[in-house]
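Novice: Compute the structure for the input listed below.
(chains A and B)
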Number of protein chains: 2
Amino acid sequence: MVWGAIATWRMAHDGVVKALDLLERKQHSGDAVEELIKTVEDYPYYKSVGYGGLPNAEGILEMDAAFMDGDSFKIGAVAGITDVSNPISVARKLSDDKFNSFRVGEGATRYAMTEGFHRKNMLTERAHKIWEKRLKEIHENNLNPYNGHDTVGAITLDQMGSMTAGTSSSGLFMKKPGRVGDSPLSGSGFYVDSQIGGATATGLGEDLMKGCLSYEIVRLMGEGLSPQAACDKAVYEFHDKLTARYGKAGAFSLIAMNKAGEWGVATNVEFTFSVGNDKEAPQIFIANMGENHTTKIESITQEWLDAYEKRIKAPIE
Amino acid sequence: MVWGAIATWRMAHDGVVKALDLLERKQHSGDAVEELIKTVEDYPYYKSVGYGGLPNAEGILEMDAAFMDGDSFKIGAVAGITDVSNPISVARKLSDDKFNSFRVGEGATRYAMTEGFHRKNMLTERAHKIWEKRLKEIHENNLNPYNGHDTVGAITLDQMGSMTAGTSSSGLFMKKPGRVGDSPLSGSGFYVDSQIGGATATGLGEDLMKGCLSYEIVRLMGEGLSPQAACDKAVYEFHDKLTARYGKAGAFSLIAMNKAGEWGVATNVEFTFSVGNDKEAPQIFIANMGENHTTKIESITQEWLDAYEKRIKAPIE
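Specialist: Next up, the predicted model:
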């Protein structure tokens, strides 16, 4: 039997390793995706997801997450949730509800508390320091406040043939209160159909929701395209269209896996991801936009990984 | 030159008449869609949109809205906004922002106040009475609390060839606080591309977001299908798929218009809509699912209209 997992950014790698271990032992793709994303949410040095994530313009850490089951299409999602350890687990629980399965703001947080999810101050001292520093820089230099929006998005395939997609993000650093990006939005941030495959997105949510790229990639795979061909076609055609019609396309990167465990990615910025399946051990790759609507994919170097490790743990001055 | 407007439900008719008047006088499709939807939001007897809309489980009226420009793909959206006269106007204003253009909960309401939108208690005495009565019925008879979720969705085409889509809804009656449906979600609740056409949805948001039907209908029109063929194909194929995979498909109804002003609808429940263009005067129709993935569309009868008028104004006992 085939199985596999793919997820956005280098930060997802430890989670991908755990997910593949579960999948090898015939666990369900839903458990694998939740475990994968929880691993990222729990790690304090990843500053765009869960614990340690960067706060909004008012210093409050608001988080978005979604969970989609590719067998039944059931979806659970939260946006602007606060003070809960694992937004992905809240989203998964909501996916069992026929009504009220997408909750935002205080309503989302109250749902999580009522359902007994672990309450936790998710703003680390380090994240608060980065926020304070950035606030000062913005005031002093009149900078555009927005940068950094690395969502963890993942797709898993289990030995029973079920697929699941999940996303989790603290959204755009310095976002306005209540801002929501693509991560909790079906079709834009994620989509999965176990009979075809799944896709998830990371990048500027405001632009990603203009294109519904996750849905489009799954649809193209359903027409018979490989995950790589589907990603290339959907992402670069939309990049060109948005550049022509809107004037500029924000950063976006998409990943996909089909029901055979084959995978693909496309991106208009430098983008890392982690992937493995029954044939290939989990590995981190780096992708860049190539010529003529193609993607250049290379293995990550130890040098890159060392610099990354140093960067995410550098003292905040 | 061609122009046209189509919108969901009988309640949208007065707005469609106003929109067509603007479009005939060469006004922009964005102005026409905003005027159309404001007309519905302002009318106190429509209990699923704006003023007079029915509140959530705690008696609070939370509203969702979105605005999409088909030339540039720019999108503005709000969810769970309270105490503002015209959510569609807030959504339109947000569509001009490159960042933070989808705002939810308190953040959305605070944005509207800061930007000078009109603050208004949107809960009418009548809506509060309906809520109290329903609450009592639910407690006494152990009923499923959820019914009623009629979003106004509209697409307009102007003489310059620009198209706009908009939606506005108070969401599911008796929803849990912070529940969001499809109306503010790109691809699910709405999508528009001026070079092709647009589509919007009404129905059970939780199920609509499982299918991204607005995006799919626009895509099919882009492949050359007529609006009616695109609606029939997208809606009934997904209805069958969701019934097979999820066990049941909630109510959903989709409308579409292409850049030639031609229109189509498809629905799995009895559904009314209003439409007009440069060739046809505005008219209300009633649609039902036909055989073999087709839609039966008939003119509304005076009898139906009279019964509707009586129903929406009946005393609440």
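Novice: ok and the residue in the stretch 1-150 of chain A nearest chain B?
Specialist: When scored by C-beta to the nearest C-beta, the stretch 1-150 of chain A has A:Gly107 as its residue closest to chain B, at 1.9 Å. (Each C-beta comes from the backbone N, C-alpha and C, glycine too.)
Novice: what residues are up against A:Gly166?
Specialist: A:33-34, A:36-37, A:65-68, A:88, A:91-92, A:153-154, A:190, A:200 (C-beta atoms under 8 Å, 6 or more residues apart in numbering or on different chains).
Novice: One more pass at 7 Å, please.
Specialist: Listed by C-beta atoms under 7 Å, 6 or more residues apart in numbering or on different chains, the contact set of A:Gly166 reads A:33-34, A:37, A:66-67, A:88, A:154.
Novice: what's the answer for A:Ala251, then?
Specialist: A:Ala251 touches A:203-204, A:268-269, counting by C-beta under 7 Å, 6+ apart.
Novice: Quick one: the contacts of A:Gly166 as JSON lines, columns for secondary structure, pLDDT and neighbour count too.
Specialist: Converted to JSON lines, the contacts of A:Gly166 look like this (DSSP: H, G, I helix; E, B strand; the rest coil; pLDDT from 0 to 100; neighbours: other C-beta atoms under 10 Å in any protein chain shown):
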{"residue": "A:Val33", "secondary structure": "helix", "pLDDT": "98", "neighbour count": "34"}
{"residue": "A:Glu34", "secondary structure": "helix", "pLDDT": "98", "neighbour count": "24"}
{"residue": "A:Ile37", "secondary structure": "helix", "pLDDT": "98", "neighbour count": "30"}
{"residue": "A:Ala66", "secondary structure": "strand", "pLDDT": "98", "neighbour count": "32"}
{"residue": "A:Phe67", "secondary structure": "strand", "pLDDT": "98", "neighbour count": "32"}
{"residue": "A:Ile88", "secondary structure": "helix", "pLDDT": "98", "neighbour count": "29"}
{"residue": "A:Ala154", "secondary structure": "strand", "pLDDT": "98", "neighbour count": "35"}
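Novice: tell me which of those residues is nearest to B:Val180?
Specialist: For those, the closest approach to B:Val180 (C-beta to C-beta) belongs to A:Ala66, at 11.7 Å.
Novice: distance of A:Gly153 from A:Phe67?
Specialist: Applying C-beta to C-beta, to the nearest Å, the value for A:Gly153 to A:Phe67 is 11 Å.
Novice: thinking again about what came up before, correct me, but the residue of the stretch 1-150 of chain A closest to chain B touches B:Pro177?
Specialist: Yes: under the criterion of C-beta atoms under 7 Å, A:Gly107 makes contact with B:Pro177 at 3.6 Å.
Novice: Those two: who's more crowded?
Specialist: When A:Gly107 is set against B:Pro177 and neighbours are counted by other C-beta atoms under 10 Å in any protein chain shown, the residue ahead is A:Gly107, at 27 against 20.
Novice: now stretch A:229-248, how far from the chain's geometric center?
Specialist: 20 Å (C-alpha atoms, centre = their mean, to the nearest Å).
Novice: Next one: it, is it in contact with chain B?
Specialist: Yes: counting by C-beta under 7 Å from any C-beta of the partner chain, chain B has neighbours in stretch A:229-248: A:242, A:245-246.
Novice: tell me which residues in that stretch are buried?
Specialist: A:229-236, A:238-239, A:241-242, A:245-246 (16 or more other C-beta atoms under 10 Å in any protein chain shown).
Novice: Nearest to A:Pro282 among the residues you listed?
Specialist: The closest of these, once distances to A:Pro282 are taken by C-beta to C-beta, is A:Cys231, at 19.5 Å.
Novice: Need phi/psi at the closest one.
Specialist: The phi/psi pair for A:Cys231 (degrees, to the nearest 10) reads phi -60, psi -50.
Novice: Wait, it touches A:Val265, no?
Specialist: Yes: counting by C-beta under 7 Å, A:Val265 is a contact partner of A:Cys231 at 5.7 Å.
Novice: Residues in contact with both of those two, list them for me.
Specialist: Between them, A:Cys231 and A:Val265 share the contacting residues A:254, A:295, judged by C-beta under 7 Å, 6+ apart.
Novice: Show me how far stretch A:56-70 is from its chain's centre.
Specialist: How far stretch A:56-70 lies from its chain's middle: 10 Å, per C-alpha atoms, centre = their mean.
Novice: Likewise for stretch A:124-131?
Specialist: Relative to its parent chain, stretch A:124-131 has a centroid offset of 22 Å by C-alpha atoms, centre = their mean.
Novice: For the lowest-mean-pLDDT helix or strand in chain A, which outside residues touch it?
Specialist: Lowest on mean pLDDT, DSSP states H and E among the helices and strands of chain A sits helix A:125-141, with a mean of 91. By C-beta under 7 Å, 6+ apart, the residues outside helix A:125-141 that reach it are A:47, A:52-55, A:59, A:143, A:145, A:174, A:316.
Novice: and the two most separated of those residues?
Specialist: Taking C-beta to C-beta, the two most distant members of these are A:Gly52 and A:Leu143; they sit 22.7 Å apart.
Novice: These two - which one has more neighbours?
Specialist: When neighbours are counted by other C-beta under 10 Å, A:Gly52 and A:Leu143 differ, and A:Gly52 comes out ahead with 23 against 12.
Novice: Just to check, that one is in contact with A:Tyr46?
Specialist: Yes: assessed by C-beta under 7 Å, A:Gly52 is found in contact with A:Tyr46 at 6.1 Å.
Novice: Which element, helix or strand, includes A:Leu36?
Specialist: Assigned by DSSP states H and E, A:Leu36 belongs to helix A:29-42.
Novice: for A:Asp306, helix, strand, or coil?
Specialist: With DSSP: H, G, I helix; E, B strand; the rest coil as the basis, A:Asp306 sits in helix.
Novice: How about A:Glu41: what's its closest non-neighbour residue?
Specialist: Sequence neighbours aside, A:Gly50 is the residue nearest to A:Glu41 in space, at 2.8 Å (criterion: C-beta to C-beta, 6 or more residues apart in numbering or on different chains).
Novice: what about the one you found, how many neighbours?
Specialist: 29.
Novice: Next, the contact list for it, please.
Specialist: Going by C-beta under 7 Å, 6+ apart, A:Gly50 touches A:40-42, A:63, A:87, A:122, A:168.
Novice: Just list the residues touching the nearest residue to A:Gly222 once chain neighbours are set aside, thanks.
Specialist: Residue nearest to A:Gly222 in three dimensions, not counting chain neighbours: A:Ile196, with 4.3 Å by C-beta to C-beta, 6+ apart. By C-beta under 7 Å, 6+ apart, A:Ile196 lies in contact with A:218, A:221-222, A:258-259.
Novice: No further queries at this time; thank you.
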